[in-house]
Every structure is written in C-alpha cells, then in structure tokens.
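In: Based on what follows, work out the 3D shape:
(one chain, ligands or ions: 1)
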Amino acid sequence: MPLVDLQRLPKHVAIIMDGNGRWAQAQGRVRSVGHREGSHSVRRIVRAARRLGIDALTLFAFSEQNWFRPAHEIAALMELLRDYLLSEREELLDNGIRLRAVGRLPKLPDRVRSVLDERIAETAANRGMTLTLALSYGGREEIVDAARRLAARVRCGELEPDAIDEELLDAAIPSVDVGRVDLLIRTGGEQRISNFLLWGAAYAELYFTERLWPDFDEEDLYQAIAAYQQRDRRFGRVALVTGTEVAKVGE
Ligand code: FPP
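Out: Predicted coordinates for the structure are as follows:
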C-alpha cells in the first residue's frame, strides 16, 4: 500500500469515472456491462474513502452531455443507479454516510428520483462522510443556474450587483456546499475536466490515471492520495520556507 498520511488527507475528493465502455469493449462485451462493473467500483471506492476518513467524495455519475447517448445506454445507466441506491441503503446508514446529489435532478426519471430523494432524506443527519452524486450535471450549467438565481434576487431588489463576490457564488453553487475540491481524479487515460465541478475545482490538484474505472480499486485510490500529498499547493501565492520566499508561481 502506498504511504498515505492520514493527518493530511484531502478533504474533498472528486472523481471522473471514465473508461467503462472501453473496459467492456476490450472483452467483447456491450458497454452496459462496463457500467455494471463500474458500479462495483463505486461501492469499493465509497467504502475505502469512508474508511480512510475522507470528508467528502463527489462522483461524476451522469453528465448533462450523457443524455445524448443512445436511449438503451441511458436506460441501463438509470437502472444501475436505481439498483445502487436500493442496494446501498444499509451501507450508507451503517457507515454514517450522508448522500446528496447535484445537477439538474428534475430531468431524472421518476423511478430514480424517488429512491434518490428517499436516500437523501434518510441519510441527511449522517456525519461520517458526504457522498455527492453528480447526476445530469454540468459545471457550466451549474454556474448558469447560480447566475440565474442571483439575477432573480437582484431583480427583486434583494441583492446589489456589487455585493456579488466569490463567497456569494460559493453559496449559490451546490457542489461546493461540502467545500472546494482538493483532489480531482480522472480514470481512463484522458486528461481533461469535461465540464465537471468547474467552480469548485479551480485550485484542485489533478490526478490522471490510465486505469479504466471498472479496474480502479482501493490501492489506486491510495496511490492518488499519496501523489496529492507530494504536491506543493500554493494557490497562486509563493512558497515560504521559514519565512523566505523561494519560488514565484505563475498560476
Ligand atoms: C464513463 O464511461 C462513465 C459514465 C458515463 C458513467 C459512470 C457510471 C458508473 C460508474 C456506473 C453507475 C454509477 C453509480 C453511481 C452506481 P464511458 O462509458 O464514457 O467509458 P469510455 O470512455 O470507455 O467509453
């Protein structure tokens, strides 16, 4: 196991779970088989993150852009999501995991939405770890929705335009209710953010791995966290060593 310093864990870890389709294709199977295998990885990684003591885990489970996939693939993903929500009830409750969801949730089918709402309500008081599922989610869409809500408050005279600052936007963007992202992991070999958590990941450390999501396991998570702990997070400032400036950063 890579050395993980439990005293310096990232508080908020977010994951782009990519590579399900390629995993299935490599075995001559249909894409939905890869998604099913991917849902086993979700169980594994949620459990591992909870055991480590991560405060918040956000998973990109279905993007706004995923609605453009073939109808049978969307249906398979929605069924997997429902199965997950049904089967993980005890796991969430027994481990003090609070479930929440971000994204344009009214677009989800009612049979998913109803179980989702149930789990969210049942786990609302849990304090162990917050698991956020990004569903029908897009980072730009989330910022657009926040801008609309703020504009409505300005129109009714409740808010001055000049009062809009980062703090107010933080409060208007649901994905950062659990804090800004510290570590953003993407599996599957691509190196892009793909419209995930744009606001909250502004200063996230990025970790890309070739591993396809269905193969991503506890060891891979520890590896990503160990790599994060090697990074020097400066947030656009300068590194200080006993009060002396040693590096300027061009962020
Ligand atoms: C990307 O793989 C993954 C998705 C579009 C959805 C992620 C869904 C799951 C992991 C399973 C269900 C989720 C939960 C929470 C139970 P891809 O199909 O884009 O892979 P590819 O790049 O290889 O085609």
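
In: In contact with the residue nearest to Glu141 when sequence neighbours are not counted, which residues?
Out: In space, and not counting its chain neighbours, Glu141 is closest to Glu64: 5.4 Å by Cβ to Cβ, 6 or more residues apart in numbering. Every residue, glycine included, has its C-beta placed from N, CA and C. Contacts for Glu64 (Cβ atoms under 8 Å, 6 or more residues apart in numbering) come out as 103-104, 136-138, 141, 195.

In: can you do 7 Å?
Out: Each residue near Glu64 by Cβ atoms under 7 Å, 6 or more residues apart in numbering is listed here: 104, 136-138, 141.

In: Throw these into JSON lines and include neighbour count, thanks.
Out: Putting the contacts of Glu64 into JSON lines (neighbours: other Cβ atoms under 10 Å) gives the following:
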{"residue": "Arg104", "neighbour count": "15"}
{"residue": "Ser136", "neighbour count": "20"}
{"residue": "Tyr137", "neighbour count": "27"}
{"residue": "Gly138", "neighbour count": "20"}
{"residue": "Glu141", "neighbour count": "17"}
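
In: for these, which one is nearest Leu92?
Out: Nearest to Leu92 out of the contacts of Glu64 is Tyr137 (Cβ to Cβ; 19.9 Å).

In: Relative to the ligand, which residue of the stretch 1-150 of the chain is the closest?
Out: In the stretch 1-150 of the chain, the residue that lies nearest the ligand is Gly21 (2.6 Å; Cβ to the nearest ligand atom).

In: Quick check: buried residues in the helix or strand where that residue lies?
Out: If you go by DSSP states H and E, Gly21 is part of helix 20-26. Neighbour-count burial for helix 20-26 flags 20-24 (criterion: 16 or more other Cβ atoms under 10 Å).

In: Equivalent analysis for stretch 48-67, please.
Out: Neighbour-count burial for stretch 48-67 flags 48-50, 52, 54-64, 66 (criterion: 16+ other Cβ under 10 Å).

In: End to end on it, go ahead and measure it.
Out: Terminal residues of stretch 48-67 lie 30 Å apart, using Cα to Cα, to the nearest Å.
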